[in-house]
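**Student:** predicted model follows, preceded by the sequence.
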Amino acid sequence: QVRLVESGGGLVQAGASLRLSCAASGVTSSSYTMAWFRQAPGEEREFVAAVSRSGTRTSYADSVKGRFTIARDNAKNTAYLQMNSLKPEDTAVYYCAATTRPWGTSGKYELWGQGTQVTVSS
């Protein structure tokens, strides 16, 4: 069974850090571009960051550049999102996603996790 399972969310104060993890099972994660999305209450789901299959290329939303870092460990079939200097506006459910599409192409992500809640208090 193919699964993406997120962990690491929680409640923190503004300025704190969190690291999210996305463990893939039933697939070889190195075959997938991995990404993080988030959805705040009443808002559309938005792209946060992506990392290429090899881990050598990354992409970030402007709102998180310089604060968030995406990485992956293919040996562990896991992707990470290090979030520093968190702000209340980062509050959302964070989702891990994966796609077999080549890096730099647009389209839907085929695999999604269930999400993990991140809440940042002011």
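**Tutor:** Yep, that arrived. Keep in mind it's a predicted model, so treat the numbers as computed, not measured.
**Student:** CA only for contacts and neighbour counts going forward, please
**Tutor:** OK.
**Student:** skipping its backbone neighbours, what lies nearest residue 47 in space?
**Tutor:** residue 37 (4.5 Å; C-alpha to C-alpha, 6 or more residues apart in numbering).
**Student:** residues contacting the helix or strand encompassing residue 5, please?
**Tutor:** Using DSSP states H and E, residue 5 maps to strand 3-7. Contact with strand 3-7 is made by 20-27, 95-97, 111-116, as judged by C-alpha atoms under 8 Å, 6 or more residues apart in numbering.
**Student:** for ChimeraX, write the select line for the buried members of those.
**Tutor:** Buried residues within the contacts of strand 3-7, by 16 or more other C-alpha atoms under 10 Å, are selected in ChimeraX with:
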select :20,21,22,23,24,95,96,97,111,112,113,115,116
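**Student:** any low-confidence regions in this protein?
**Tutor:** Applying pLDDT under 70 to the chain flags no residue at all.
**Student:** on that earlier part again, the strand holding residue 5: how far from the chain's middle?
**Tutor:** 10 Å (C-alpha atoms, centre = their mean, to the nearest Å).
**Student:** do the same with stretch 110-122
**Tutor:** 8 Å.
**Student:** equivalent analysis for stretch 23-41, please.
**Tutor:** 7 Å.
**Student:** what do you get for stretch 57-65?
**Tutor:** The mean C-alpha position of stretch 57-65 is separated from the chain mean by 11 Å, C-alpha atoms, centre = their mean.
**Student:** can you check stretch 55-75 too?
**Tutor:** Worked out by C-alpha atoms, centre = their mean, stretch 55-75 lies 8 Å from the chain centre.
**Student:** start to end distance for that stretch?
**Tutor:** Distance across stretch 55-75, first residue to last, is 12 Å (C-alpha to C-alpha, to the nearest Å).
**Student:** do the same with stretch 21-38
**Tutor:** OK, stretch 21-38 end separation, C-alpha to C-alpha: 14 Å.
**Student:** so what touches that stretch?
**Tutor:** 1-8, 45-54, 74, 76-81, 92-103.
**Student:** so the residue nearest to residue 47 belongs to a strand, correct?
**Tutor:** Yes - assigned with DSSP: H, G, I helix; E, B strand; the rest coil, residue 37 falls within a strand.
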